[in-house]
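1. Predicted model, plus sequence, below.
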Amino acid sequence: MDRIRIVGGRRLNGTIPISGAKNATLPLMIASLLTDETLILDNVPRLADVGLLEQILGNHGVDIMVSGKRAGETADHGQTLHISAASIVDTTAPYELVSKMRASFWVLAPLLARMGTARVSLPGGCAIGTRPVDLLIMAMQQLGAEVDIDGGYVVARAPHGLRGGGIVFPKVTVGGTHTAIMAASLARGTTVIDNAAREPEIADVAECLNKMGARIAGAGTSRIVIEGVIKLHGARHAVLPDRIETGTYAMAVAMAGGDIVLQNARPELLQAAIDVLGQAAVSVTPTNQGIRVARNGGSLAPVEVTTAPFPEFPTDLQAQLMALMTRAHGTSHIVETVFENRFMHVQELARLGARIQLDGERATIEGVAQLKGAPVMATDLRASVSLIIAGLAAEGETIVNRVYHLDRGFERLEDKLGRCGAAIERLSG
Ligand code: EPU
């Protein structure tokens, strides 16, 4: 298994290109199941999760062609996928595939809406919490589906098609909102979703669905209204930039010191994180290329942060912020309210000399003068990258094991950081 070796203490200077968002790409690819025409997606990141979803969609009969590189194109340009679900040959998503990536459970909605039936394995828990799917099932039932659980599978049927309805989510759920929108797009009549997730990826997917002929209004707000249509058609859509990758590199620069332009980044996608970096005495300024992040000399100030659904501070940046605060001048508090168990990085950060105390959902981080490199590993994507951030500032060598977690969500991370001066390399095998 690959590992990443970092020697801490180098400043970061230069430009880091921001890739297309993983968490928009996955539902966009899944939305291709809603039409028998071709969906073309541009700016798709080269990630292990994208490859895995290609495999999962392939199992349903979806053909995916990746465009060759055009003249002048580099690895910094995302790839273009031509996705065709002209015929769906299988409406079952098996355990072996769904258990590898939770978001693949979302195929339930388009399969049900288009084919009138779907059988999708329950995804099970994962390293960041139990992550149930009860709200996704509730949404399908509100649209008229009959749903049974049989042998670890969710079996959903709507032999006469789905019909519009009212969906009120008792808790904000990104996956619930994506699946409700997809299913409602092909339902008969109007659907109103209340307490919808407002994440920018929801609006991006809805924009693509509207290009495909859907009639969705209000995506990006907490009330979304969808008028169902009989058929969707092909379209072309470019994936929006990854706000979590943006925030991660912003925190990496804040940690290592230096001056970086995050190319293609859009500040409005992560204003809460930008505000927190400002409170930590990191300079963040929008430019016409993206976002410039700099810290030259001054110490980091501690912060008080609570994660919550968009537009609040994202849970997907919690681990990275915690790594940063291990070097703040004073004591920080971070409260995690989205997932109940998303603190696996704490023990590993402690191996590097961090001083963090956990009390339920609240972490107290006492800044230390220096971290010291060590071998570490983490069990999820964002936790792994928090260890990279810590390693950038730790004295000596840090080896991050289980790099496959990073490859799920960060495109060429060691290359992007290495080009800005980090001493970072991938060790194979
Ligand atoms: N929840 C339920 N019942 C449900 C669904 C969710 O109780 O039926 C709970 C969850 O357990 C959690 C909360 O609701 O406590 C929010 O979960 P949500 O459904 O919003 O999460 P998700 O859709 O499974 C997406 C991202 C995650 C990100 C969360 C929160 C994708 C592919 N995944 O997950 O991203 O953390 O939203 O913003 O979009 C990551 O990229 O590393 C990642 C984990």
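-> That came in fine, so what should we check first?

2. Return the residues of the protein in contact with the ligand.
-> Contact residues (CB under 6 Å from any ligand atom) of the chain with the ligand: 23, 26, 102-103, 129, 131-136, 171, 173-176, 197, 315-316, 338-339, 381-382, 409. To be clear about C-beta, it is placed using only N, CA and C from the backbone, and glycine gets the same treatment.

3. can we see that at 5 Å?
-> Residues of the chain lying near the ligand by CB under 5 Å from any ligand atom: 23, 26, 103, 131-136, 173-175, 315-316, 381.

4. Give me the buried entries from the residues you listed.
-> 23, 26, 103, 131, 133, 135-136, 173-175, 315-316, 381 (16 or more other CB atoms under 10 Å).

5. pretty sure Leu371 is touching Met255, no?
-> No: using CB atoms under 8 Å, Leu371 is not in contact with Met255; the gap is 9.5 Å.

6. what's the overlap in contacts for those two?
-> Contact with both Leu371 and Met255 is made by residues Arg327, Ala390, Ala393, according to CB atoms under 8 Å, 6 or more residues apart in numbering.

7. By neighbours, which of those residues wins?
-> Ala390 (32 neighbours; other CB atoms under 10 Å).

8. related to what we said a few turns ago, and which of the shared contacts of Leu371 and Met255 is nearest Pro123?
-> For the shared contacts of Leu371 and Met255, the residue nearest Pro123 by CB to CB is Ala390; the value is 29.7 Å.

9. returning to that earlier point: quick one: which two of the buried ones among the residues of the chain next to the ligand are the most distant?
-> It's Leu135 and Leu381 that sit farthest apart of those, by CB to CB, at 22.5 Å.

10. if we can go back for a sec, of Leu371 and Met255, who's got more company?
-> Comparing Leu371 with Met255 by other CB under 10 Å, the one with more neighbours is Met255, at 28 against 24.

11. if I look at the more buried one, how far off is Met322?
-> 11 Å (CB to CB, to the nearest Å).

12. ok, the closest residue in space to Arg243 that isn't next to it in sequence - contacts?
-> In space, and not counting its chain neighbours, Arg243 is closest to Leu269: 3.8 Å by CB to CB, 6 or more residues apart in numbering. Contact analysis of Leu269 by CB under 8 Å, 6+ apart lists Pro200, Leu240, Pro241, Arg243, Thr246.

13. And what about the residue of the chain most remote from its centre, helix, strand or coil?
-> The centre of the chain is farthest from one residue, His160, which by CA atoms, centre = their mean lies 34.4 Å away. Secondary structure, DSSP: H, G, I helix; E, B strand; the rest coil: His160 is coil.

14. So which of the residues of the chain next to the ligand sit within helices?
-> Counting by DSSP state H, those place Asn23, Leu26, Asp134, Leu135, Leu136, Val174, Gly175, Leu381 in helices.

15. so which one among the residues of the chain next to the ligand has the lowest pLDDT?
-> Lowest-confidence member of those: Arg131, scoring 81 (pLDDT).

16. And that residue, how close does it get to Ala252?
-> 27 Å.

17. what about dumping the CA coordinates of the helix or strand of the chain with the lowest mean pLDDT to CSV?
-> Each helix and strand of the chain was given a mean pLDDT (mean pLDDT, DSSP states H and E); the minimum falls on helix 404-409 at a mean of 91. Extracted in CSV, the C-alpha atoms of helix 404-409 (Å, rounded to 0.1, in the frame of the first residue of the first chain):
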residue,chain,number,x,y,z
TYR,A,404,-5.8,5.1,-0.6
HIS,A,405,-8.1,7.3,1.6
LEU,A,406,-6.5,10.4,0.2
ASP,A,407,-6.7,9.1,-3.4
ARG,A,408,-10.5,8.8,-2.9
GLY,A,409,-10.9,12.6,-2.7
